[in-house]
Each structure stands twice: as structure tokens, then as C-alpha cells.
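Undergrad: Just the structure for this:
(chains A and B, ligands or ions: 2)
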Amino acid sequence: MIHRECGIYKTSYQADMALYPLPIAKWTVAAFAVLLIVVAPIVLDEYYLSILNLIVIASVGAIGLNILVGYTGQISIGHAAFMSVGAYTAANLAVRFDMPFWISLPAGGLMAAAIGAIVGIPSLRIKGLYLAIATLAAQLIIEWTINHVPWISGGVQASIEVPRPSLFGISLDTQRELYFFLMFFAVLAVVGALNLVRSRVGRAFVAIRDQDIAAEIMGINIFRYKLLAFAISSFYAGVTGVLYTYYLGIANYEQFQLVVSIDYLAMIIIGGLGSILGSIFGAIFITLLPIAIRWFMEGFGYLLFTQAELMNIVPHMRLVLFGALIIVFLVLEPEGLNRLWQNVRNYFRVWPFAY
Amino acid sequence: MSARTVSTEELELSLRGISKHFGGVRAVADVSIDVRRGEIMSVIGPNGAGKTSVLNMVSGFYHPDTGTISLKGADITNEKPSEIARLGVARTFQNIALFKGLSVLDNLMLGRHVRMKAGVLSSILYWGPAQREEVEHRRWVESLIDFLKLQDLRKQPAGALAYGLQKRVELGRALALDPSLLLLDEPMAGMNQEEKEDMARYVLDVNEEWGTTVVLIEHDMGVVMDISDRIAVLDRGEKIAEGNADEVRANPAVIQAYLGAGEQSAEAAHG
Ligand SMILES: Nc1ncnc2c1ncn2[C@@H]1O[C@H](COP(=O)(O)OP(=O)(O)O)[C@@H](O)[C@H]1O
Ligand SMILES: [Mg+2]
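TA: Ligands and ions are numbered 1, 2, ... in the order given. Down below sits the predicted model:
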């Protein structure tokens, strides 16, 4: 949030270590929360809320991936597969055993965490490109398994319809009801991640990213912490998969293919590696991008292309723009949208003085 | 060569006949060094003599091909680095190895890692035990920040600091572990005279006030002769001399090694 810190002195370490140490920051965060939780569901219609819901879900997944990639410096191209593990775990529990969401959701997360930790085992020995390939292999193996084992995937087109989540006997059917449901877990995910990265475990993650040898010499068990990072990150992915499944009303492997893993990597690169807020920026950006392209082409596309051409171009434009944006960010602003935001903030902090 | 014999209880660290080869290179050959509790032991020798390799074996980064290493009488020859840190051994690196993306404060807080307990769940919940622990260790680290005069730099990213300050933060990170044995690999390399004196002062203060045992690798003979209780000299992987400053200065093998390496004259070795 935009604020200045002059005239404010912190009197205890606890106050200095708070998530939002300045009172004005607390107020802006509170105002923003009211906007999101009270105003948005009142003023937005079902269509816009459905988009907002997609952003909320993606934020959870992006934060999880950022814990692994941005904070711990590992890589995963298998996160969509971990999401599918969560999705199918929850769907099976919900359908076969009639489990409510408050069981199926953590169960989906935990199952994904277990699989994610196993996939993370090679990270002790291999780094960078090799680890990327290993996680890519995991993505493909999990995709294949779900697709070919009817016991997991329900048989018909590998998809399982799930009932809407219900709370106190009320089924959450509308986008507005789902919005509160999704938002609740997203807030937990954000607060949990903010706490994690500012305490002992989060510091150990960053230490491994910056200097793994020194981290180990300072007493961090690298193997344990890398697996932890994979597990936590995959837990977030699993929960994302469960939330998405409840949102769609169906668990479907097509929603969790390789390209989705790439989407999430794009979110954290564009949003900002090693930043929780950046993960959310990235989730907003990447979720809105295809929608913005479609609006634009529907509004102005006829000026440039025929209807038949448009049909061909629109689906591919997303990928092209995507690639271009990732390159632009990697070259011009490797710290992503979060850095741009910080720049704006710092500008106003000292405004109207230049320094 | 040492003036008196010491019982094993007084030994903080004991290297017995350790050797290490890297491919065809004999980095360390049958080296035995005893470090007494509470002393400053310097290890000197020309570049490539095997000094860093010895430290690497003590911190568990490499394991010796032969020989044993014991810490306070316990065998640590094949322990993992993280376990050795837990036992109270901390070190700095010849090439600065700070966590560049973390603030000075967080680098030091990370030094407290083995002294803290918070796991994943309590970290995520934060409020309660994890927060209490953070505050308690923050207080500890703040006194270290005062000691090292890093007050103005706490919130700076470590990677953005000047070289001399990075070296000091690295010392701080090692001290944050509250080590009983501190290993320093050329902590004054690349510093100007004033920075060197500051660093020497910190090392002496830590040794005297905290009772920390120090193993120091350093090329500046003036500093080494000044602050060391004893000195071990390595050359081409072998220990060629050991003793106090005067004994080492007068040792013909040492003079020969330094002349042979063409690094420093015998006069310079006299400091
Ligand atoms: N990891 C390694 N791999 C191969 N050779 C090494 C390695 N570490 C050290 N050496 C070699 O061992 C010898 C001793 O090196 P080192 O312990 O760094 O010496 P010093 O610290 O006294 O300058 C050198 O010849 C060096 O090249
Ligand atoms: Mg060296």
C-alpha cells in the first residue's frame, strides 16, 4: 500500500516484525479487504464474479509455486499435475465417500504434498534444467496415470462430477456463494504464506536459494528443507486443484495439463519471483490476459481480420502474447509486476521530492 | 613442539592424521592438529597449501580419505555439515557466501537456525510459540548487531553492502550460531588496514569475552603473529611446523616454505 513511514518509531521487536508495521498500512489493507469482501460481491454480477473466482483460485496456486521457485530456488514444471492429484483425491472422497469439503480439501492438499515431496527427491542431487526435466516427467506420468486408471479418474473421459460444496446444509451454487467459499481459503493461503516466509522455515528456504553450501554449513538440513518446500508448494497446488474442481463442479484432467504448469510459471515470473503479493499480481494478469484478448478481438478484430481468420487467430494469440510478455519481463523487469508496484510506492513515499 | 602436554578434555578440536585427495591432487596429507579449548589457533601457509580443505573437512563439507576428526572428544569425521553446525561449529568463507537476498538482520537470524525450533506448522500459524521465539532470538541478534556496529544496516539487503561490511556480516552470521568453535577462512583478505584492525578486535573480543575457540586462516602475518596463541603451518598439504609466534618465526622449514613459494620474504614472515 502507499504510505510514508516518517514520524513513526517502533517500540518493540514484535511491532517491528509485524506484517504491516505502519498503522496506515494496516488501514489500507483493511480498506482493501472491505472492498474485496463486502463491496465486490455486491456490485459485481455473476459473470465478473466468476472471473474474480478464477483469479482467487489461481492466486493460491501461484503463491504455492512461488514458495518453491521464487523463495527456495527450485523449479517445477509439474505443478498442474499436483493440482490434478488434489482435484481427483477430493473428487473421489466427495463422490464415493460423501465427504464434505472440509475433509476433501485438506485431504487433496495432503495427497498432493506427498506426491510433490516424492517428485522433489531428485532435487537433492540435480538442479536447474535437470530438475526441470525431472518434474516435467512427473507431470507427464501423473497425467498419463490419471487418464488411464479408471479407479482414480472415474472412467468416462477421465472426469468426475462433484456436488457443490455445502455449508450448514446450504449448497453453494452461485458464483457469489462460491466467491466467499474460495476467498476464505485464499485468505488462509495468503496469511499462511506471509507467515511462513518471515519466520525460521522461510528464511531457510531463501538461504538455500541464495547459497546452498553456506546454508548447509549454518545447520540447515538441505534435503529436509528442499522436500519441505516441495511438499508445502504441492499442498498449495493440491488445494488449488480442489478449489478449481468445486468451482467447475467437475474434476477433469484436461484442466491440469502441461500448459497449465507453464501458465503458473508465467504468473510468478511476470508477478515477481520471491514475492507473495507478486504471485497475486501474476494470477490477476495471466487470468485476465485471455479475457482481455477476446474482448479486444471481438471489439476491434474485424478491422484487421475476417471472421474465419479471427477464429484461427484468437486461441493462438494468447500463447504468442504470453511468450512475448515472459521475455519482456525477464529482460526488462526480472522482479516482475511486484517491482513495478514497489517503484510506484517508493515514488509516492517521498513525493513531491525526487529523493 | 608444544610447550606443555594437554589432556583430551581440554581439546576443542583434534585432527588425527587426516588426508584428502582431489583426483591426483594431494590437498591434505597426514595432518594432525590439536586445538585447545579457548585458544586462537592460526593456520598459515602459501596458497594451495590445503588450509581451506582442512576447514572444509572440519565443517563436514568434505570427509577425509583417512584420519579422524573429533570435536570435544566426540568423533565427527563423517558427520553431515548441518549436524556439525548443531554441535556448535560455525564458519566464514574465503569467498563471501552471504545470503544476498536476505537483509543483514535476516542473515543473522538465519545464523540462529539451529538454536530455534519452529517447524512448518508453527511458522505458518506464527502467532503464539513461533512469534515468541522470533522475538526472543531477535533480541539476541540485536545485541550482536550492537557488538558489530551494524545498527544502520539491519534492513539492508546483504548483497548491496560494501565488501568489508559483507565480511563483517558474515562474521556476524557465524557468531549468531553462538558457536563454541569458530572457523575463519581469511576474514581479513582484501581489507584495508583499518578494517583489518576492526576485524582483529572483534575476533579477540569474541575469544576473550565469549570464550569461543577460534581457528583462523590468514595471510597477514602481522595480524597472525599478534593475535594467535599458537600457529600451525601447512605447505603442500603437510604440516611443517606448529608452535607460538616466536617458535614458528624461527623455524627453518617455515622460512624455506615461504621463500620457496616466492610469496613473502623471510623478513616479512618475521612480521
Ligand atoms: N573441490 C576441489 N576439487 C579439486 N581440487 C581441490 C578442491 N579443493 C581444493 N583443491 C585443491 O587442493 C589444494 C589445496 O587447496 P586449498 O585447501 O584451497 O588451499 P589453501 O586454502 O591453502 O589455499 C589445491 O591444489 C586445490 O586446487
Ligand atoms: Mg584457501
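
Undergrad: where are the low-confidence patches of the chain?
TA: Picking chain A for this. A:1-11, A:155-156, A:349-355 (pLDDT under 70).

Undergrad: Actually, chain B is the one I wanted.
TA: Ranges of chain B meeting pLDDT under 70: B:1-9, B:259-271.

Undergrad: In it, which residue sits closest to chain A?
TA: B:A85 (3.2 Å; C-beta to the nearest C-beta). Using the backbone N, CA and C atoms, a C-beta is placed for each residue, glycine as well.

Undergrad: Which element is encountered next along the chain beyond the one helix or strand that residue maps to?
TA: Element membership of B:A85 [criterion: DSSP states H and E] is helix B:81-86. The helix or strand immediately downstream of helix B:81-86 is strand B:89-91, counting by DSSP H and E.

Undergrad: what about the helix or strand just after that following strand and chain A, touching?
TA: Downstream of strand B:89-91, the next assigned helix or strand under DSSP H and E is helix B:104-111. Yes - against chain A, helix B:104-111 shows contacts by C-beta under 8 Å from any C-beta of the partner chain at B:D106, B:M109, B:L110, B:G111.

Undergrad: Which residue is the nearest non-sequential neighbour of the last one?
TA: It refers to B:G111. B:A176 (2.7 Å; C-beta to C-beta, 6 or more residues apart in numbering or on different chains).

Undergrad: Hmm, B:V141 and the one you found touching each other?
TA: Yes - the pair B:A176 / B:V141 is scored as a contact, 6.0 Å apart, by C-beta atoms under 8 Å.

Undergrad: so what sits against both of those two?
TA: By the contact definition C-beta atoms under 8 Å, 6 or more residues apart in numbering or on different chains, B:A176 and B:V141 are jointly contacted by B:L108, B:M109, B:G111, B:R112.

Undergrad: Could you pull out the strands in the stretch 101-250 of chain B for me?
TA: B:181-185, B:213-217, B:230-235, B:238-243 (DSSP state E, counting those that start in this stretch).

Undergrad: What are the phi and psi values at the closest residue in space to the residue of chain B closest to chain A that isn't next to it in sequence?
TA: Excluding the flanking residues, the one nearest B:A85 by C-beta to C-beta, 6+ apart is A:G219, at 3.2 Å. Dihedral angles of A:G219 (phi, psi; degrees, to the nearest 10) stand at phi 100, psi 10.

Undergrad: Would you quantify the distance from A:G219 to ligand 2?
TA: 22 Å (C-beta to the ion, to the nearest Å).

Undergrad: Kindly report the same for A:F32.
TA: For A:F32 relative to ligand 2 (C-beta to the ion), the value is 52 Å.

Undergrad: Tell me if I am right that that residue is in a helix.
TA: Yes - assessed by DSSP: H, G, I helix; E, B strand; the rest coil, A:F32 belongs to a helix.

Undergrad: So stretch B:10-22, near chain A or not?
TA: No - Stretch B:10-22 stays clear of chain A (C-beta under 8 Å from any C-beta), getting no nearer than 15.7 Å.

Undergrad: Measure how far that stretch is from the centre of its chain, please.
TA: How far stretch B:10-22 lies from its chain's middle: 15 Å, per C-alpha atoms, centre = their mean, to the nearest Å.

Undergrad: Quick check: residues of the stretch 1-150 of chain B near ligand 1?
TA: B:F22, B:V25, B:A27, B:G45, B:N47, B:G48, B:A49, B:G50, B:K51, B:T52, B:S53 (C-beta under 6 Å from any ligand atom).

Undergrad: number of nearby residues for the nearest residue to the last one once chain neighbours are set aside?
TA: I take that to be B:S53. Of all residues not flanking B:S53 in the chain, B:A27 sits nearest, at 4.3 Å (C-beta to C-beta, 6+ apart). Counted with other C-beta atoms under 10 Å in any protein chain shown, the neighbours of B:A27 add up to 22.

Undergrad: Could you pull up the residues touching B:A27?
TA: B:K20, B:H21, B:G50, B:S53, B:G237.

Undergrad: Could you rerun that using 6 Å?
TA: The contact partners of B:A27, by C-beta atoms under 6 Å, 6 or more residues apart in numbering or on different chains, come to B:K20, B:G50, B:S53, B:G237.

Undergrad: which ones are touching the residue of chain B closest to chain A?
TA: Contacts for B:A85 (C-beta under 6 Å, 6+ apart) come out as A:M218, A:G219, B:V114.

Undergrad: mind checking the backbone torsions on the first one?
TA: Main-chain dihedrals, A:M218, degrees, to the nearest 10: phi -80, psi 0.

Undergrad: contact partners of stretch A:259-278?
TA: Residues contacting stretch A:259-278 (C-beta under 6 Å, 6+ apart): A:61-63, A:65-66, A:70-71, A:77, A:79-80, A:139, A:193-194, A:279, A:281-283, A:285-286, A:326, A:329, A:335-338.
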